[in-house]
Each structure stands twice: as C-alpha cells, then as structure tokens.
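In: Quick one: sequence plus predicted model below, questions after.
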Amino acid sequence: MTLQDALFNWLQIRIVADARPLDEAAGKTIDFFEEILREDHGVSEFEKTEADEYRLRIDYVRQGEKYSVFFDREHAERLLADIGSNPKYNE
C-alpha cells in the first residue's frame, strides 16, 4: 500500500469514527491504518484538519520532516455516506 493510499484510508475511517464514536470496528480500523503509517511508511504524527469547503488536509511527520497532503472532501466522506445509507449498519 502506498503512503498516499494509507493516508486516504486513514482519513476515511477517521471521518467514520468521528461521526460514529461507538463504532468499535471503526476504532480498530483506525488502529490498523495507523500501524501501517508508522511501521511501513515511517510516519510518526498525523492529524486531519479542515482545508476548505472542498478539501481536507492531513498534516504528518515522516522521518523528521513535516508534510501536508490534501484530499477531496466529497471523496473522503464517501465511506461515511455509504455506511449511513446502508440499513444493515444503522440498526
């Protein structure tokens, strides 16, 4: 998995976990992607922030250097929308 993919997957599940704090599966999935970011990509810190109405930003530290990456907000929020529209996950 590329760094870009790992960051995007972490962002998507972070959005889900923030919206659904009692969702244990989301919490475990966050842990999974954080482990990938740390162990496979050397990322030591990461944080989701609001960039603007169209984008979300992740600030992260990799090998002592600070970076930022932007993702399309609608694309990043798609997993939460899909979960919300599936009755199986909303009982």
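Out: On my side now, so go ahead.
In: use CA for all of it now, contacts and neighbours both
Out: Will do.
In: Next, the buried residues of the helix or strand hosting L7.
Out: Using DSSP states H and E, L7 maps to helix 3-19. For helix 3-19, the neighbour count (16 or more other Cα atoms under 10 Å) marks 6-17 as buried.
In: Would you mind checking the average pLDDT for it?
Out: Here helix 3-19 scores 97 as its mean pLDDT.
In: mind listing the strands for the protein?
Out: Under the criterion DSSP state E, the chain carries strands at the ranges 43-50, 55-62, 65-72.
In: I'd like the ones you listed as JSON lines, with distance to E24, mean neighbour count and mean pLDDT appended.
Out: Listed next are the strands of the chain as JSON lines, based on distance: least, Cα to Cα, whole Å; neighbours: other Cα atoms under 10 Å; pLDDT from 0 to 100:
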{"stretch": "strand 43-50", "distance to E24": "20", "mean neighbour count": "16", "mean pLDDT": "93"}
{"stretch": "strand 55-62", "distance to E24": "23", "mean neighbour count": "17", "mean pLDDT": "97"}
{"stretch": "strand 65-72", "distance to E24": "25", "mean neighbour count": "14", "mean pLDDT": "97"}
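In: Out of those, which gets nearest to A25?
Out: Each of the strands of the chain has some distance to A25 by Cα to Cα; the shortest is strand 43-50, at 19.5 Å.
In: Output the closest one in CSV with nothing but the alpha carbons.
Out: Taking C-alpha atoms only, strand 43-50 is exported to CSV below (Å, rounded to 0.1, in the frame of the first residue of the first chain):
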residue,chain,number,x,y,z
VAL,A,43,5.0,8.4,9.7
SER,A,44,5.3,9.5,13.4
GLU,A,45,2.5,12.1,13.6
PHE,A,46,-0.7,12.7,11.6
GLU,A,47,-3.7,14.9,12.0
LYS,A,48,-6.8,15.6,10.0
THR,A,49,-7.7,19.3,9.5
GLU,A,50,-10.2,21.3,7.6
